[in-house]
Structures are given as C-alpha cells and as structure tokens.
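Participant: structure for the following, please:
(chains A and B)
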Amino acid sequence: MFGLLLTTSSVGYCVGRGVDVLHTRGPHVFCLLSSRRKLTERTEASLQVSEFNLSCEGAREKLVLPELLGSIRASSSLGIVKKQLNRVKQKKSVELPLSKEESARVVREAAYNKSSKAIAKWEQVVLQNRRAEQLVFPLKQEQMGVAPIEEVLTGWKARTPLEQEIFSLLHKTQQPVTDPLLTPLEEASLRAMSLEEAQLRRAELQKARALQSYYEAKARRKKKIKSKKYHRVLQKGRSRRALKEFEVLRKLDPEAALTKLEEIEKSRIQERMSLKHQNKGKWARSRAIMAKYNLEDRKAIQEQLARNKELTQKMPMEPEGEEEGDMAGEGLLPDSINEVQPSTDGANPWMLGKPSSEAKDSGMQEDPKDPRDSVVQEDAGNEMSEEEILLQDFEQRRCTQQQTGSPEPDGEQAGQCLHSVLSAGAGEAEEAHLFVELLSNVQTGPGVEQPAQGPEEPLLFEQLGRRCTLEEIDALGQEEGAEEQERPWPTRTLQKSEEEGSAGDGHTAKKAPKQKMINLQAVLAGESHVIQCPAQPVSVQDEEEEAADQRLVIKEAFAGDDVIADFLREKRKVEQAGKPQAINLVLPGWGEWGGTGLQPSARKRKRFLIKPVPGPPRRDHHLPHVIISQQRNILAAAHQVNEVPFPFERRQQFERSIRAPVGPTWNTQQAFQKLTAPRILTQPGHIIQPISAEDASPQSTVPTRGGSAALAPTPQHSRHHQRPHKKAR
Amino acid sequence: MRVKVLSRNPDDYIRETKQDLQRVPRNYDPALHPFEVPREYMRALNATKLERVFAKPFLASLDGHRDGVNCMAKHPQSLSTVLSGACDGEVKIWNLTKRECIRTLQAHEGFVRGICTRFCGTSFFTVGDDKTVKHWKMEGPGYGGEEEPLHTILGKTLYTGIDHHWKEAVFATCGHQVDIWDEQRNSPICSLTWGVDSISSVKFNPIETHLLGSCASDRNIVLYDMRQSTPLKKVILDMRTNTLCWNPMEAFIFTSANEDHNLYTFDMRFLESPVMVHMDHVSAVLDVDYSPTGKEFVSASFDKSIRIFPVDKGRSREVYHTKRMQHVITVKWTSDNKYILCGSDEMNIRLWKANASEKLGVLVPRERAAMNYNQKLKEKFQHHPQIKRIARHRHLPKPIYNQAKELRIMREARRRKYDSLFVFILS
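Facilitator: Have a look, this model is predicted:
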C-alpha cells in the first residue's frame, strides 16, 4: 500500500537523518513515519516545487485514501491506478493469526466437544445395564435354537433326480412352503364350511340376547320390590360383604384399605348429614305413639334411637391437625380433657380419651382458650413440662388408636398409655416367637439425612482380630447383640404417629428428647396435676393457694371416678396377663368313665394340670403406682434393625422388603429361581470382552424411559471429602 | 351299594425311569409354613457366618522372579496365561492352571516399564529402561533357539508405559510424550504432547478404541483422541495420578489411582468433578484394574494391600493382604471375572479369588441354587445388626489398622474444623 502511494502521487521521498517526510502541494499534507524529531518547515507558494521542500503540516494527521484519490481526479491517464485504489479501499485488512497455544486450545476444545458428544451415544446402554435386573456375561451369546423351516428350505437345493422330481410335484400342486401351509384348494374347501359357522354364531348371539333380556327383567322386578325387610336384608348382606372385603384388603394391602376406610367414613358422614334415622318419619312417629303400649314397638324405637345415636356421633378429629395445633400453640392440653362431662355415669373422659359429642352439644363448654391461658400463666418450667409430656402422651396414644382402627376397651386405655411409654411396640403384645418382632421394631430415623449418611460409612469393619472359626464369628454376632442391648431403650420406642408423620423431621427430632424425659415417678406419684376444670375458670395467682386447692379441684372434677383405683385394677390385670399360665393336659376317659356330664377325677386333674414355675418377680413389684412393662424382648432386640436403612425411605417399605419370603419352602420352584436369580451371571472359563457396538445395538433399540436430563451423572457432593482441586482446561 | 375305595393314580408317585427326579408333592399353604421371616433370617445369619468361615481368597503365589514385579499383562485369548515384567528386565509368562512359569526371557536392561499383549494374542510388546520398544512372539523359540524379539525400536527418550490398541495394529507408548506407533513402522505415526512433564501411564479406551487416557507426573490426567491426533482435555488433581483404567462396559467412565490414597472415578464428559471418590487405602494407590463386568475394580496400593471397590460405592467391599506381601505395584482382574492377580515388590505374583468365599470348580445345579438363595438372603437381611456386623468384619494388619485410624482421626478433625468454621461464618 505504501508502495502504491509512493508511485502514484507526485511525492518526493526524502531521507534525512532518519526522518522520512512526504509532502504534497497545497494544504493537504501528510506525514507519518516515526521520527524522533520532527522538522516542521514552512511552505510558501512558489513556482518551483522541489521534492525536498515538502513540509508536514501537523505531524499527527494521517493519510486518508479519498484525499489522495481526489487529487488524481483530473488526470484520466491514471484511471487504472484509481480503480486499483478503489479496490484496495473496499478490501478489509486480514486479522492477525492466532498464537500457537491459542489455536491449539481451540482445536482441543472442538475435538473434546466432538468426542464427548460422540461418546454420549453409549449413555442409554450404560444406564440400561446399570438398571438391569440381571446381566449375563459374556455379552455375545450364541443363539441356540431351531431354525424356521423357511430358512432351511431356501438354503437347500434339490440335487438328486428324486429330489428334483419331488420338488416339481410340489410346485405343480402349488404346495406353499411358508406359514399357512395350505394349498389354494384346501383353502377353498375351508371357506366352503362357513355356513355351519354362521349358523353356530347366530345361535350364540340368540342365546346371549335371551340371557340379557332375562337379566333385565329380573333387575326390573327386583327394583320394584317394596318390602322393607327384603331391602334391609339386602343392605345387611351388602355391608357384610363390604366388611369382609375390607378385612381381606386390610391383610393384603394396608394402604388400599386405608383409602377404603376413608371412603367408608365419608359415606358415614354423608348418611349422618342426611335426615335418615332422625325419628321424623311416619313410621317412627307412629311407633313412638305405640311404644307406650307395645313392647315390640318400644324395642324397635329404641333400636332406631340407638342407630341414630351411633350415626350422629361425631368422630374425633384428625390426628395430624391436632398435632400441628399442639406444636403451634404452647397450650398442650387437648380440648377433650378440659371438656366437661355432664353425666358422671359411664366412662370417664380421662379413661375414654375421646371427646364426647354430648359435651359439645350441651353447650356448657366454656371458651376453650381461657383454661389454657390460665394453665400457661400458672405453671412455670418443670412442672409444666411434665404435664405436657403426660398429656401429649395421652394424645398420641389416642391418635395411634384411631389410626390403627382397633377399638380397645375403654378401661384399658389409661394403662395402655403407660405401656406405650415403656414397651416397644406395645400394640403387638403377645407374640409367641422371639423373632416376630423383627419386623415391628424398626424406628424411623430422620429420613432426609439418611441417604446422605448411608453410602458414606465404610462398607467394612476393619479390625485387628482374625475371626476364622465359626465360634469366633458367632461371638462376633453376639458382640453386636450386646452392644445393642446396652443402648438405652427409649430410643427404640416405636411411635406410630411418628412414622406416619415422617414428612416433618423437625417433629421427630423434637419429640425424641421429650419421650426420654417422661419420668414415671413424676407422672403418677406427684400430686401436682394442674389440670384445670374449665367448668370452674380458675384464676388463682398464688402458688401456695393453688397447691392447696388442687386436690379439691381434681376431686370436684372427677367426683364420680376413682383414677387410682382404676389404675390399680389395670395393674392387676397386667400382672395377671404377665404370669405364666398353667397347662391343662387333662383328658376325659383314659382309665375312667367318660361322657357328657362326667368330670375327670380330681386326682387326675391334679396330676395332669401342669403348674407353671413362678417367674422372677416383676420389676414394679414394690412400686404400687407404676407399671413396668416387661414386654420388650432383649433377646429379640439384638436381632432387630434400629433405623430404616439407607435406600428405604419409610418403615413400611423396608418391612415389605423383608416380609415376602424367597425360599423354596414358600415359593414354587420357578418363582424361587426367578427370585434368587443373581445380578451378574458369568460362565466359568469364558473370556468377557469389553462391550462393543454389536453387543449394544440390540439393547439400544429398546426405548428406554430415562430422559436425557436424567442421564447426567450426579456427582456425590459431600464437603467432608478431601477432594482435590480440579481445573478442567 | 357303592363302596368307596381309596385309589391313587400310580402316575402321580411312580417315576417313569430311574433317572427321573422323585416327585415330591408340596403344599405351599402359608399356614403350614409359619415364621417365614424368622426362619429366613436364621438362614441368612448362618449363610453369613459360613461365608466368613469360607472366606479364603488366597489361592497361589507364583514365584520365580528375581526382582520386584513391575508390570503385568493379561493374555487376550487364553485365561490361563499371564505375562509379567520385573525390575531386572526379565519377562515371564505364566500358566495359571499349573501355577508355573512356562517361559522366561531377558527383555531389557533395567526395569521392564510396561508390557502389553496384542489383541490377537500372538505377540506382545515391552518397553524398558534401555529406551527400547520390543515386539516379541508369544510362543518361545524351538529347542536351542535364542530368545530374539521380532522387532526392536530404539527410541530417543525413556518409555514408561505401553498399551496396545484393542482392534488395530497400533500401539501407544508414553514417556516424554505420548507416541502412537504403527506396528510396521520404526517411527511413531503421531506424537501427542501437552505440557512437558513425563507421562507415567497410557491406556486405550476398550470401547471407543480411538480414545486414550494418560497421567503425567505434573498431577494431571490428559485425554487424547488418536483419530483427530490431538489432546482433548486435562484434569489437574491435588496429587499425582499413577495409573488409570477405563471401564470396559461404560465407555465414558474411567478410574484413576492417585497418590493421595484415593481413587477417583471420572465421567469423561463431565470432568469438573469426579463421579465418585473411592477411599480406604492408607497409602498411595499404585494400580487399578476393572473387572470385565465393569461393576467393580481392584486397586493395588503401597500400603501392602489390595482392595476391591464397587464402582458406585465410595468404600471398599474387600481387602486382601498377607504377611509376606510387600508394596503391591501391579494388579489385574482376570477376564473371566473370577480371579485377581497382583504383583508386588517382593518378587511374587499372587493369585486371589475375586469373591473371597466363592466355591471354585463346577457346581451342581442344587449347589448353585443354594448359593444363589444364600446370596439373596444375605442381601435381604443385610441391614440386620448381627448379619451386618459379621459380614463386615475384616482382619487388618496392625500397621494398616493404625494408619487407617490415624487418617480417620485426621479426617474427623478436619471435618470438625470445617464445621465450626461453617457455623462461625453463618452466625
């Protein structure tokens, strides 16, 4: 470009002391080349233009091409040059080439992207293999089996004359080789038989239609029946069937049963809302009039009333809502406790542990907040917490009972509460075998933290001791058992309400310490039950006064019932149940006359009644106000799982995995084989080659469900790992 | 009058031939077989105990080398053949069924740095400290013949490792750079460099066979593409990686054995963080090899033990050690997924069972069914405390045990410190 410039313009080129200066005539002056010292010269109009006299006006100005072009506009002889210059003007300068490192980096990046994209095609295969139930190695399995006849025939040619003759015959009759294996003649004859078929079909259709009309008529007739008795019987039968089905369902599929239960509940509510059994009907009114005189009618009306009562009874509230409410407010007294029981006969609300509908209906209930507040005000610190525990315990017990749906006799419940504190899984009390509890005693751990912990703990328990013989290994297991036993038992208590509400981990975390804090001494021995009777709103500030009043208040509140006597009765019952039973082996006959109305002799009865050896004294023998349950089997506990193990999220899942037996004793041979099929099958003495595209292709044709989003591996994030810093370039 | 007579069809209880199995009528009514869980639990417990009793993984020791075993190679076609190179330049070929050396040759002066077999199994390559790559026939010379390599390449620099392509007549050496050679030529087809440090190991990907991985002493792992003849990506770790091994069933997964006692499993496409960190060794991990099923791998360590890791677990499922085994330099998992070979400092190659308590030899179908059943039971009841305790128990020699304890304490302390720092920052 510079060269061009020099040739085109009438420019002198001077070199003087390292300074190159270019001049033009007129005001447009350019100069450029680097100089240490600029010579500025004055230009004057003169006739003679010397190439050495060019001055550079304003050393900073740059040469601009259009200006140069302007100067040669006049002379037409320079047309070619002008064109060339124009072309130069349009072209852009070439960018500098990248440095070697940078270009290498670009190449590397491109190559890496390309190859990682290419290798991603294996993803489906890899995922499939990871998920596969069973992998059979080596992957290239030779297909053994009978080849289809067509293949054999096509590969076989008739060579001998006999064969050729046979083939020609076959071809003559158009004997088909492939699937239908029927000649056209045969097919035609088959088609001819269609009349019989059509007749048969017609007859069938006729029969079906007739049957349908019979059923319709029957249904219509049934619908018209007005007999109430008939309908009642029908209804009863239906409900019985439903109940039976529910029982079956409960055994087979507890979750479905639960939904079913909800459905039933809903229907009950609907019926309750409807005006049925309200004793407003014609029949009921007439019966009511007649009831005075007729015993039968009276009975009927009573039955009706009972039914009404049963239906209209309000069921206790949902457990979750209650729990949440408890957690939210500080007042931990459930409403049912503070409610008034107007009728002192019948069950005690304490014992019942269930809000009674009558109390609500009677309208005698005070504002439920007041007593709570008063309790909160009065009590401070420890006393309160103890009470809380007690009350919460009642609450929980009730919840569990509602959930399990096993109505127990009311009187037992108070005792049961205490049991639940003491015994692990008190519901499953009398289990004959030591291991049956294996299932039941799983406690739900903190569900969210588990997965994080699970894989982190070492798979091996490495120790210095060698355990070679069976005895030593046996001792190892015992050791573990001993460790188990040493653990404090409260951690193992099974709270069904906790399992149910496994969603909130905070709940369980909060509850655990509270469970431990329950002190039996404090619960029963102390006279400081500060449970307020809302019928008498108490606003006593003074603590001494309060202490004096307490007995009175409680006495007043529970005038009709004797809690302590109930408790003692309860305890006696438990003691009785815990005692070993005598075994009666007396058989009538055998050495004497037998028959109806004949008793075996006293001697015989004495001889064959095996009296049990009295067991060790109960631990609560000397504690009249305490029931210590000895249900928990220490021997079994050593074999039980403490917390829900890693891959399982809920206790039920884990239990289900354990429950189904896999052995041949319980399964058919085929099922057994299927259940015990190993994950990886290898053949001894066969070399397993790395997977290749041919191995993968038949599998990869099967569409897999995993989306591409799920395919990216999830790196194990744990900050405790000493992980190196990685820089991927 | 009808007389009812008990009658049975003899077909129901008489065998047709003597070879037939006796028919045993079974009633699967669950009421007749109570306590299924406790019974299965007992069976599982017994199976676990027996597993530990029968856990005798050590099978044989192949001795004959006169210096530490530095490298090993599997024969691609024969399960019973294995090759090993020692620190004195000797290469031995072993027959595993007879447990004896079938051929010895003095391949190099100084160490045999690397050894690899050709995919067809007819020849093998060695590299040594004498800057040569030698190509040998698998069969020895006839009686009186001299052990001569088929081909010798004299290099300019030291070679530290070699690996052969899985399908083509191409092999790769490493040292100053990664060289890709054609078997027929005396000079490399291409040389791949990135950085200047010496490269200790190079491995071809067994599935996508044009990919290579190498690890250098400047703490990095570099991946190359042979077809594009360019390096692809580099990962820099905290400490040096000794070797790496590609998963033979999952094309993009490889595991590297690191000096910082851990193994790192990477996904080739996502190199920012490892898929899994495998820890349990208490000293530098020197070698790693995948099982041919790609579900597990075995690692050899300077702490005189070898460990087996499941691919998806961070901790080892098995540890093997013997009193006499010194620093384990090289380890291989045989191609039938049954055995593990390890070569160590004290000149021996040891043969182990991959599954410590497995019964060797042919199994009767009933035996196999029982084995499968026991396996299933152990899996089913693995979370029960006694079974867990028994199944997890392993004996460790005192030095390793103490070192592991120390490391655990250190890790715990570090964690505590981190936690307290975390809390401090939060508060």
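Participant: would you map the strands across the stretch 251-400 of chain B?
Facilitator: Secondary structure of the stretch 251-400 of chain B by DSSP state E, counting those that start in this stretch: the strands cover B:253-258, B:262-267, B:276-279, B:285-290, B:296-301, B:306-310, B:318-320, B:328-333, B:339-344, B:348-353, B:393-395.
Participant: closest one to B:Lys359 among those?
Facilitator: strand B:348-353 (9.7 Å; C-beta to C-beta). In this view, the C-beta of every residue, glycine as well, is placed from N, C-alpha and C.
Participant: what sits up against the closest one?
Facilitator: B:56-63, B:65, B:69, B:72, B:82, B:84, B:94, B:96, B:99, B:306, B:320, B:322, B:324-325, B:338-344, B:360 (C-beta atoms under 8 Å, 6 or more residues apart in numbering or on different chains).
Participant: turn the strands of the stretch 251-400 of chain B into CSV, including mean pLDDT and mean neighbour count.
Facilitator: Output for the strands of the stretch 251-400 of chain B, formatted as CSV (pLDDT from 0 to 100; neighbours: other C-beta atoms under 10 Å in any protein chain shown):
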stretch, mean pLDDT, mean neighbour count
strand B:253-258, 96, 26
strand B:262-267, 96, 25
strand B:276-279, 94, 22
strand B:285-290, 96, 26
strand B:296-301, 96, 26
strand B:306-310, 96, 24
strand B:318-320, 95, 22
strand B:328-333, 96, 24
strand B:339-344, 96, 24
strand B:348-353, 96, 22
strand B:393-395, 93, 20
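Participant: what subset of the contacts of strand B:348-353 is buried?
Facilitator: Neighbour-count burial (16 or more other C-beta atoms under 10 Å in any protein chain shown) applied to these gives B:57, B:61-62, B:65, B:69, B:72, B:82, B:84, B:94, B:96, B:306, B:320, B:322, B:325, B:338-344.
Participant: any stretches of the stretch 301-450 of chain A with poor pLDDT?
Facilitator: Counting by pLDDT under 70, the stretch 301-450 of chain A has low-confidence residues at A:314-450.
Participant: so for the helix or strand in which A:Leu169 is found, mean pLDDT?
Facilitator: Using DSSP states H and E, A:Leu169 sits within helix A:161-172. On average, the pLDDT along helix A:161-172 is 84.
Participant: then stretch A:185-203?
Facilitator: Here the average pLDDT along stretch A:185-203 is 80.
Participant: quick one: end-to-end length of that stretch, please.
Facilitator: Its start and end residues considered, stretch A:185-203 measures 29 Å (C-alpha to C-alpha, to the nearest Å).
Participant: could I get the buried residue list for that stretch?
Facilitator: Within stretch A:185-203, judged by 16+ other C-beta under 10 Å, no residue is buried.
Participant: and if you look at stretch B:154-168?
Facilitator: B:155, B:158-166.
Participant: so where's the stretch 151-300 of chain B shaky on pLDDT?
Facilitator: For the stretch 151-300 of chain B, no range has pLDDT under 70.
Participant: by proximity to chain A, which residue of it wins?
Facilitator: Closest residue of the stretch 151-300 of chain B to chain A, C-beta to the nearest C-beta: B:Asp238 (3.2 Å).
Participant: which bits of the stretch 101-250 of chain B sit near chain A?
Facilitator: Residues of the stretch 101-250 of chain B found near chain A (C-beta under 8 Å from any C-beta of the partner chain) are B:166, B:206-208, B:211, B:223, B:225, B:228, B:230-239, B:248-250.
Participant: which stretches in chain A count as strands?
Facilitator: A:13-16, A:19-22, A:135-136, A:461-463, A:583-584, A:609-610, A:680-681, A:727-728 (DSSP state E).
Participant: in TSV: the buried residues of stretch B:154-168, plus secondary structure and distance to A:Arg240.
Facilitator: Shown next, in TSV, are those (DSSP: H, G, I helix; E, B strand; the rest coil; distance: C-beta to C-beta, whole Å):
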residue	secondary structure	distance to A:Arg240
B:Gly155	coil	92
B:Leu158	coil	91
B:Tyr159	strand	87
B:Thr160	strand	84
B:Gly161	strand	81
B:Ile162	strand	82
B:Asp163	strand	77
B:His164	strand	78
B:His165	coil	77
B:Trp166	coil	72
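Participant: quick one on the thing from earlier: isn't the residue of the stretch 151-300 of chain B closest to chain A up against B:Asn262?
Facilitator: No - applying C-beta atoms under 8 Å as the test, B:Asp238 and B:Asn262 come out as separate, 9.4 Å apart.
Participant: now stretch A:643-652: average pLDDT?
Facilitator: In the prediction, stretch A:643-652 has an average pLDDT of 89.
Participant: just the buried subset of the residues of the stretch 101-250 of chain B next to chain A, please.
Facilitator: B:166, B:206-208, B:211, B:223, B:225, B:228, B:230-237, B:248-250.
Participant: does B:Leu150 touch B:His135 like I think?
Facilitator: Yes - using C-beta under 8 Å, B:Leu150 is in contact with B:His135, at 4.6 Å.
Participant: neighbour count for the two, which is higher?
Facilitator: B:His135 (17 against 12; other C-beta atoms under 10 Å in any protein chain shown).
Participant: so that one sits in a helix?
Facilitator: No - counting by DSSP: H, G, I helix; E, B strand; the rest coil, B:His135 falls outside a helix, being strand.
Participant: quick one: it from chain A, how far?
Facilitator: Relative to chain A, B:His135 is positioned 23 Å away (C-beta to the nearest C-beta, to the nearest Å).
Participant: what about that residue, distance to A:Gln235?
Facilitator: Distance, B:His135 to A:Gln235, using C-beta to C-beta, to the nearest Å: 93 Å.
Participant: again with A:Ala203
Facilitator: Applying C-beta to C-beta to A:Ala203 and A:Gln235 gives a distance of 40 Å.
Participant: coming back round to it: can you tell me the helix or strand for the residue of the stretch 151-300 of chain B closest to chain A?
Facilitator: Per DSSP H and E, there is no helix or strand for B:Asp238.
Participant: now it, what are its backbone angles?
Facilitator: phi -70, psi -40 (degrees, to the nearest 10).
Participant: so who does A:Ile610 touch?
Facilitator: A:582-585.
Participant: so which of these comes closest to A:Lys207?
Facilitator: A:Asn584 (62.6 Å).
Participant: just give the closest residue to the closest one, not the sequence neighbours.
Facilitator: A:Leu609 (5.6 Å; C-beta to C-beta, 6 or more residues apart in numbering or on different chains).
Participant: then B:Arg118?
Facilitator: Per C-beta to C-beta, 6+ apart, closest to B:Arg118 is B:His164, 5.7 Å.
Participant: need the contact list for that neighbour.
Facilitator: Contacts of B:His164 by C-beta under 8 Å, 6+ apart are B:116-119, B:125, B:170-172, B:204.
Participant: and those, which are buried?
Facilitator: B:116-118, B:125, B:170-172, B:204.
Participant: can you redo these as JSON lines with secondary structure and distance to A:Ser116?
Facilitator: JSON lines is the format used below for the buried ones among the contacts of B:His164 (three-state DSSP; distance: C-beta to C-beta, whole Å):
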{"residue": "B:Cys116", "secondary structure": "strand", "distance to A:Ser116": "26"}
{"residue": "B:Thr117", "secondary structure": "strand", "distance to A:Ser116": "29"}
{"residue": "B:Arg118", "secondary structure": "coil", "distance to A:Ser116": "29"}
{"residue": "B:Phe125", "secondary structure": "strand", "distance to A:Ser116": "30"}
{"residue": "B:Val170", "secondary structure": "strand", "distance to A:Ser116": "22"}
{"residue": "B:Phe171", "secondary structure": "strand", "distance to A:Ser116": "25"}
{"residue": "B:Ala172", "secondary structure": "strand", "distance to A:Ser116": "20"}
{"residue": "B:Phe204", "secondary structure": "strand", "distance to A:Ser116": "17"}
